[in-house]
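Trainee: requesting a structural model of the entry that follows:
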Amino acid sequence: MTEEQSYTTEEISKLLKISKLTVYDLIKKGDLVAYRVGKQMRIDATDLEAYKRRSKQLQSSGQRIPTPHQTSASETQPGQGDFQGTSLLSTTPVGSAHAITPASSAHAITAVPRHLVITGQDVSLDILMRHMEKQTRDIRPLRSFMGSLDGLISMYRGESDLVSTHLLDGDTGEYNLPYIRKILTGRSYVVVNLLSRPAGLYVQRGNPQNLQNWTDLSKPELRLANREIGSGARVLLDEQLRLHGIPAAGLIGYEMEETSHMGVAAKVSSGEADVGVGIEKAARLVGQVDFVPLTQERYDLVMLRKQDNEAWAELVLRILQSPEFRQELQSFEGYDVSRTGEILYEA
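Mentor: Predicted coordinates for the structure are as follows:
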């Protein structure tokens with residue numbers, strides 16, 4: 001039997017000339033049929049062609065063409081979802097009360113899961129996703145490894161569901177809320193604390209440049225390993241440079257960007273850079289690099305408040321507030337879970 005060709009979400013984005021987040025959005029809405037192989041989403045060639053045919057029909061008719069999984073309300077059987085809405089959160093029909101089906105339920109197998117796009121890079125998100133998958137089959141979390149600022153913008157555009165953020169506002173000293181209020185203007189949302197963690201400078205073993213605080217970044221000929229624009233670490237660096245009147249042009253390598261804390265720490269560890277900004281955990285994982293803690297940053301989660309989000313949002317809150325989840329986070333040295341699960345702001 002010949003195995004059918006399948007594509008990754010990245011390959012689909014290139015074939016259709018759209019972003020990966022748009023691909024995830026199509027999957028989430030049920031317009032593009034996908035399945036998981038390990039941690040990777042796959043789309044069969046036949047399902048891609050079926051989507052393209054429906055799109056052409058939609059353009060020619062001007063009407064929404066149902067996907068293969070959509071049924072009318074009269075055709076919906078117990079244990080099956082009515083897919084007339086834009087997303088699926090449970091096995092109940094749209095218009096009735098939403099409820100998450102436990103993973104142990106036999107009916108959960110018949111439901112097509114709603115894909116939930118979660119942005120961020122911290123290991124705590126992996127733990128959260130594992131708890132979600134363990135407790136329900138109605139939702140399928142997917143990771144997008146983008147920075148904090150890009151995550152909030154993607155939420156504003158409707159491309160992500162759960163955004164993690166650690167953005168310092170230098171003028172107020174407050175984390176996250178000033179950015180969230182500006183970017184998600186007109187939206188209803190809730191901000192929940194995930195954890196707090198030390199952030200500061202990666203320096204070479206023994207700290208030969210004697211870098212002890214932010215003002216030391218003004219020292220001449222310092223080689224920097226920088227993060228990408230939009231990441232929390234990049235915002236932290238840029239805010240400290242602004243507050244202390246240090247020109248970015250004076251840092252060698254400021255324009256050279258890494259896309260993770262690990263990448264920055266590795267550059268310093270290898271001797272390619274003298275300093276970088278990031279979190280303590282990455283320094284421990286990389287090794288051969290010292291860490292100078294300079295601030296305690298708050299790492300929060302943002303969820304939009306919409307009717308079709310209620311069931312999974314309540315599930316996320318229950319997980320964050322559970323002793324089991326906090327205990328797992330506490331196994332990572334430096335993680336402060338004293339406010340984990342606390343609702344910080346609602347709009």
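
Trainee: could you check how far the residue lying closest to Ile183 once chain neighbours are set aside is from Ile18?
Mentor: Nearest residue to Ile183 in three dimensions, chain neighbours excluded: Leu152, at 4.5 Å (Cβ to Cβ, 6 or more residues apart in numbering). For the C-beta atoms, the positions are set from N, CA and C on the backbone; glycine is no exception. Distance of Leu152 to Ile18, given as Cβ to Cβ, to the nearest Å: 21 Å.

Trainee: quick one, which of these two is more surrounded?
Mentor: When neighbours are counted by other Cβ atoms under 10 Å, Leu152 and Ile18 differ, and Leu152 comes out ahead with 26 against 13.

Trainee: by contact count, what packs against whichever helix or strand that one is part of?
Mentor: Following DSSP states H and E, the helix or strand that holds Leu152 is helix 148-156. Helix 148-156 sits against strand 114-119, strand 162-165, helix 177-183, helix 232-243, strand 289-304, with contacts defined as 3 or more Cβ pairs under 8 Å, 6 or more residues apart in numbering; DSSP states H and E.

Trainee: for Val268, find the nearest of the ones you listed.
Mentor: Each of the helices and strands packed on helix 148-156 was checked against Val268 via Cβ to Cβ, and the shortest separation belongs to strand 289-304, namely 5.1 Å.

Trainee: give the buried residues for the helix or strand that comes right after that closest one.
Mentor: Once strand 289-304 ends, the next helix or strand along the chain (criterion: DSSP H and E) is helix 310-320. Of the residues in helix 310-320, Glu310, Ala311, Trp312, Ala313, Leu315, Val316, Leu317, Ile319, Leu320 count as buried by neighbour count, 16 or more other Cβ atoms under 10 Å.

Trainee: any chance you could list what contacts helix 310-320?
Mentor: Helix 310-320 is touched from outside by 89-90, 98-100, 114, 116, 128, 131-132, 135-136, 138-139, 161-162, 190, 192, 194, 301, 303, 305, 325, 340-341, 343, with contacts defined as Cβ atoms under 8 Å, 6 or more residues apart in numbering.

Trainee: show me where the protein has helices.
Mentor: Assigned helices in the chain, in chain order: 9-16, 20-29, 45-61, 123-135, 148-156, 177-183, 232-243, 261-269, 280-286, 310-320, 323-330 (criterion: DSSP state H).

Trainee: now the longest one: average pLDDT?
Mentor: When you say that, I think you mean helix 45-61. For helix 45-61, the mean pLDDT works out to 80.

Trainee: that helix packs against which elements?
Mentor: In terms of contacts (3+ Cβ pairs under 8 Å, 6+ apart), helix 45-61 is packed against strand 6-8.

Trainee: who does the strand it packs on pair up with?
Mentor: Using DSSP bridges, the neighbouring strands of strand 6-8 in the sheet come out as strand 40-44 (antiparallel).

Trainee: and the strand it pairs with, how far out from the chain middle?
Mentor: Between the centre of strand 40-44 and the centre of its host chain there is 19 Å, according to Cα atoms, centre = their mean, to the nearest Å.

Trainee: got the angle between it and strand 114-119?
Mentor: Relative orientation of strand 40-44 versus strand 114-119 (axes from the mean of the first three to the mean of the last three Cα atoms, to 10 degrees): 130 degrees.

Trainee: how far off helix 45-61 does strand 40-44 point, in degrees?
Mentor: Angle between the axes of strand 40-44 and helix 45-61 is 70 degrees (criterion: the same axes, to 10 degrees).

Trainee: may I have strand 40-44 as PDB, with CA atoms only?
Mentor: C-alpha atoms of strand 40-44 as PDB (Å, rounded to 0.1, in the frame of the first residue of the first chain):
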ATOM      1  CA  GLN A  40       4.300  17.900  14.900                       C
ATOM      2  CA  MET A  41       1.100  18.700  12.900                       C
ATOM      3  CA  ARG A  42       0.700  17.000   9.500                       C
ATOM      4  CA  ILE A  43      -1.700  17.700   6.700                       C
ATOM      5  CA  ASP A  44      -2.300  15.000   4.000                       C
END
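
Trainee: for it, buried residues please.
Mentor: Under 16+ other Cβ under 10 Å, the buried positions of strand 40-44 are Met41, Arg42, Ile43.

Trainee: pick the one among those closest to Glu228.
Mentor: Set against Glu228, the nearest of those by Cβ to Cβ is Met41 (23.8 Å).

Trainee: how much space between that closest one and Leu142?
Mentor: Relative to Leu142, Met41 is positioned 7 Å away (criterion: Cβ to Cβ).

Trainee: what sits in contact with each of these two?
Mentor: Contact with both Met41 and Leu142 is made by residues Ile27, according to Cβ under 8 Å, 6+ apart.

Trainee: returning to what we had before: nearest to Glu221, out of the helices of the chain?
Mentor: Evaluated with Cβ to Cβ, the helices of the chain place helix 261-269 nearest to Glu221, the distance being 15.3 Å.
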